[in-house]
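Asks: Need the 3D shape of this:
(chains A, B, C and D)
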There are 2 protein chains.
Amino acid sequence: MPKLGMEPIRKAALVNATIVELGRSGSLDVTVSQIAKRAGMSSALAHHYFGSKEDMFLAAMRHILSLYGAEVRGALALASGPEQRVRAILAASFSASNFRRETIGAWLNFWVLSQTVPEARRLHGIYQRRLSSNLRSCLRPLVGDRAEIVATGMGALIDGIYLREALRGGTPDSAGAVKLALDHLLVELAART
Amino acid sequence: MPKLGMEPIRKAALVNATIVELGRSGSLDVTVSQIAKRAGMSSALAHHYFGSKEDMFLAAMRHILSLYGAEVRGALALASGPEQRVRAILAASFSASNFRRETIGAWLNFWVLSQTVPEARRLHGIYQRRLSSNLRSCLRPLVGDRAEIVATGMGALIDGIYLREALRGGTPDSAGAVKLALDHLLVELAART
DNA sequence: AGTTTTGTTGATTGACGAGTCAATAAACTT
DNA sequence: AAGTTTATTGACTCGTCAATCAACAAAACT
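Replies: Residues are numbered from 1 along each chain as shown, chains lettered A, B, ... in the order given. Sure thing, here's the model as predicted:
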């Protein structure tokens, strides 16, 4: 009983299942069958919609990055003034929707993927440059010349917090993460007499 | 022409080759044959000395952690006063011997391994707790109550810097890394009027 | 009614790789 | 000299998995 217009639905289900499986297994060694099963279809169908396993990984990565980007943009639109803007970026980075077990686990795998798959590296590069540029532009009015180094540090700190959360297991601590990153900012502002 | 007493030599060669291959390939999908070849022996011999591929990974991880631990201990022994001690930990973390391409690449893989292999998780936990405790004890005299949060932030920052370096490619920038982490400390001290 | 397009899967192929085994050889032991 | 231990490997087994194929089903188009 094949209903038409299945493609987008199936693809979305697969992307979702890929993220869940990546997060669950904690490694790229997930089989197409596992993903397909979780998405409620045969592995052959998964191959039908995405050409290869790698394509599924990349689609999942694009999905996560695009959600993250949208959330940051949304938060920035509502923020007024540089400090509020930095806060908005941090809040978005650790928001309940981005800072979930599966998503965090998926990130760890994307980092690994970026080491071998050029397209993954490219996507990750885009994300990192945009984050960096966003941070710099908010920080310049706040810390002037130090914007460059503070932005770099804050970017690394965010990645580090993600990494630690990935390894920690258990429910992610959104509040704690924001607090940690925010602390960095506040101290930086306080030091500027 | 089998010379006796080969075991430690072969094992060391394999551990080394494992680290190199992990760093080179950037993923855990290295074959035992690749590792064995790089170490100049057959894959059967590798299996003879280590029971399984997992054992090789774990041995490599232990090796890196033990080198790191030794370096930190050595640096701490020479440092006098809390600030010098924090500096010593940072310098050791990004020292030329620890902050090399292969080692950094290997770290990324250990993080992944820790997600699935209990023993890897255990080893990583030990490392993290020790780092955390070292940082706290140096920081308490410097920032008092804030030692806890500053130590956590600094730990995450160190991991984040490693991560970014792993993804960046090219020769690792030791000096830049130390500068970034040190900056965090100095600002923290400066903020404490 | 018949053809094309879209959805779907079970079965199969083909490659690859971890781990085992049997065999060979040099060194030590008694 | 005979037997044991250590070193070493090529060949083999066995499982797994990505990717393909052939076939079937239902909707849409003509």
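
Asks: Only C-alpha atoms from now on, for both contacts and neighbour counts.
Replies: OK.

Asks: which non-adjacent residue is nearest A:Ala79?
Replies: Of all residues not flanking A:Ala79 in the chain, A:Arg85 sits nearest, at 5.3 Å (Cα to Cα, 6 or more residues apart in numbering or on different chains).

Asks: what's the answer for A:Leu180, then?
Replies: Leaving out its chain neighbours, the residue that sits closest to A:Leu180 by Cα to Cα, 6+ apart is B:Gly153, at 6.3 Å.

Asks: Next one, pLDDT for that neighbour please.
Replies: As predicted, B:Gly153 sits at a pLDDT of 98.

Asks: residues from chain A in reach of DNA strand D?
Replies: Chain A comes close to DNA strand D at residues A:1-4, A:29-33, A:43-44, A:47-48, A:51-54, as judged by Cα under 7 Å from any atom of the strand.

Asks: Low-confidence ranges, chain A, go.
Replies: A:1-2, A:193 (pLDDT under 70).

Asks: what about 90?
Replies: Counting by pLDDT under 90, chain A contains low-confidence residues at A:1-4, A:169, A:191-193.

Asks: Can you show me the helices along it?
Replies: Using DSSP state H, the helices of chain A run over residues A:6-25, A:32-38, A:43-49, A:53-78, A:82-93, A:101-116, A:118-143, A:147-168, A:174-191.

Asks: chain center to the third one, what's the gap?
Replies: The offset between the C-alpha centroid of helix A:43-49 and the centroid of the whole chain comes to 26 Å, using Cα atoms, centre = their mean, to the nearest Å.

Asks: Could I get the helices of chain A in a markdown table, plus columns for distance to B:Arg192 and mean neighbour count?
Replies: Formatted as a markdown table, the helices of chain A follow (distance: least, Cα to Cα, whole Å; neighbours: other Cα atoms under 10 Å in any protein chain shown):
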| stretch | distance to B:Arg192 | mean neighbour count |
| --- | --- | --- |
| helix A:6-25 | 40 | 19 |
| helix A:32-38 | 52 | 19 |
| helix A:43-49 | 57 | 15 |
| helix A:53-78 | 31 | 18 |
| helix A:82-93 | 21 | 20 |
| helix A:101-116 | 34 | 22 |
| helix A:118-143 | 17 | 17 |
| helix A:147-168 | 18 | 22 |
| helix A:174-191 | 8 | 17 |
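
Asks: how much space between the residue nearest to A:Ala79 and A:Gly74?
Replies: Separation of A:Arg85 from A:Gly74 (Cα to Cα, to the nearest Å): 11 Å.

Asks: With A:Leu45 instead?
Replies: Distance from A:Leu45 to A:Gly74, counting by Cα to Cα: 35 Å.

Asks: how about the residues of chain A that lie near chain B?
Replies: Residues of chain A lying near chain B by Cα under 8 Å from any Cα of the partner chain: A:25-27, A:108-109, A:111-116, A:149, A:152-153, A:156-161, A:163-164, A:167, A:180-181, A:184, A:187-188, A:190-192.

Asks: again, 6 Å this time
Replies: Applying Cα under 6 Å from any Cα of the partner chain, we find that chain A lies next to chain B at A:Gly26, A:Gln115, A:Ala156, A:Leu157, A:Asp159, A:Gly160, A:Ile161, A:Ala190, A:Ala191.

Asks: Isn't the third one up against B:Gly160?
Replies: Going back to what we said before, that points to A:Ala156. Yes. Using Cα atoms under 6 Å, A:Ala156 makes contact with B:Gly160 at a distance of 4.6 Å.

Asks: Identify the contacts common to the two.
Replies: Between them, A:Ala156 and B:Gly160 share no contacting residue under Cα atoms under 6 Å, 6 or more residues apart in numbering or on different chains.

Asks: can you list the helices of chain A in JSON lines and add distance to B:Val20?
Replies: What follows is the helices of chain A, written out as JSON lines (distance: least, Cα to Cα, whole Å):
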{"stretch": "helix A:6-25", "distance to B:Val20": "25"}
{"stretch": "helix A:32-38", "distance to B:Val20": "29"}
{"stretch": "helix A:43-49", "distance to B:Val20": "34"}
{"stretch": "helix A:53-78", "distance to B:Val20": "25"}
{"stretch": "helix A:82-93", "distance to B:Val20": "34"}
{"stretch": "helix A:101-116", "distance to B:Val20": "15"}
{"stretch": "helix A:118-143", "distance to B:Val20": "21"}
{"stretch": "helix A:147-168", "distance to B:Val20": "23"}
{"stretch": "helix A:174-191", "distance to B:Val20": "34"}
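
Asks: Ok, which of those helices comes nearest B:Ser66?
Replies: Nearest to B:Ser66, of all the helices of chain A, is helix A:147-168, at 20.1 Å by Cα to Cα.

Asks: quick one, the closest one and helix A:6-25 angle?
Replies: For helix A:147-168 against helix A:6-25, the angle between stretch directions is 80 degrees (axes from the mean of the first three to the mean of the last three Cα atoms, to 10 degrees).

Asks: helices or strands next to helix A:147-168 in the packing?
Replies: helix A:118-143, helix B:147-168 (3 or more Cα pairs under 6 Å, 6 or more residues apart in numbering or on different chains; DSSP states H and E).

Asks: run the last query once more with 10 Å
Replies: On a contact count with 3 or more Cα pairs under 10 Å, 6 or more residues apart in numbering or on different chains; DSSP states H and E, helix A:147-168 meets helix A:82-93, helix A:101-116, helix A:118-143, helix A:174-191, helix B:101-116, helix B:118-143, helix B:147-168, helix B:174-191.

Asks: now the first one against helix A:53-78, angle please.
Replies: What it means is helix A:82-93. Going by the same axes, to 10 degrees, helix A:82-93 makes 150 degrees with helix A:53-78.

Asks: which one of the residues of chain A next to chain B is nearest A:Arg121?
Replies: Of all the residues of chain A next to chain B, A:Gln115 has the smallest distance to A:Arg121: 6.7 Å, by Cα to Cα.

Asks: Fine, thanks again, bye for now.
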